[in-house]
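> predicted model and sequence follow; I will ask about them next.
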Amino acid sequence: MMTKQPTVFCDIDGTIFKYRDFNTYTTTNPEVLPGVIECMTEWFNDDVYIVLTTARPEYLRTHTIIELKNSNIPFHQLIMGIGRGSRYLINDSEEPEKPRAFSFALNRNDGFNIKIK
């Protein structure tokens, strides 16, 4: 049986980097939160597809990619300009007893160490 590649959707500010106001992004350096690099590197090496999401405006795309690469944050795709409010993940499931959508609501700036496989 072929294993399907999992996907992680992960916010950036307050989750990967310590939260900063939009107006300080280009004048301050990001601070990677505890456990993030190790966890995301493990996901990436385990063939997990990583989609980063952020409310940062599109004009900060190049700056954001540079910050992520300089901080050794692996990812496959970056989605910019999403709403700053609540976020919902909606997905189907082939078998009701085996859900295929999960969520983790983290405290801002705490970092993470989440096992997904």
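Nice, thanks for sending it over.
> neighbours of the nearest residue to F104 once chain neighbours are set aside, just the number please.
Leaving aside its chain neighbours, F104 sits nearest to I114 (5.8 Å; criterion: C-beta to C-beta, 6 or more residues apart in numbering). Bear in mind the C-beta positions are built from the backbone N, C-alpha and C, glycine included. Applying the criterion other C-beta atoms under 10 Å, we find 14 residues in the vicinity of I114.
> over to R108?
If we define neighbours as other C-beta under 10 Å, then R108 has 11 of them.
> now do the contacts for it.
With contact taken as C-beta atoms under 8 Å, 6 or more residues apart in numbering, R108 is in contact with G14, T15, Y19.
> just the element for the last one, please.
So the one you mean is Y19. Secondary structure assignment for Y19, by DSSP states H and E: no helix or strand.
> ok, the closest residue to it other than its chain neighbours - contacts?
Nearest residue to Y19 in three dimensions, chain neighbours excluded: D13, at 5.2 Å (C-beta to C-beta, 6+ apart). With C-beta under 8 Å, 6+ apart as the criterion, the residues that contact D13 are Y19, R20, T54, A55, R56.
> mind listing what the second one touches?
In other words, R20. Taking C-beta under 8 Å, 6+ apart as the contact definition, R20 lies against D13, T28, P30.
> would TSV of the residues you listed with pLDDT, distance to F44 and secondary structure be doable?
Rendered in TSV, the data for the contacts of R20 read as follows (pLDDT from 0 to 100; distance: C-beta to C-beta, whole Å; DSSP: H, G, I helix; E, B strand; the rest coil):
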residue	pLDDT	distance to F44	secondary structure
D13	96	20	strand
T28	94	26	coil
P30	96	18	coil
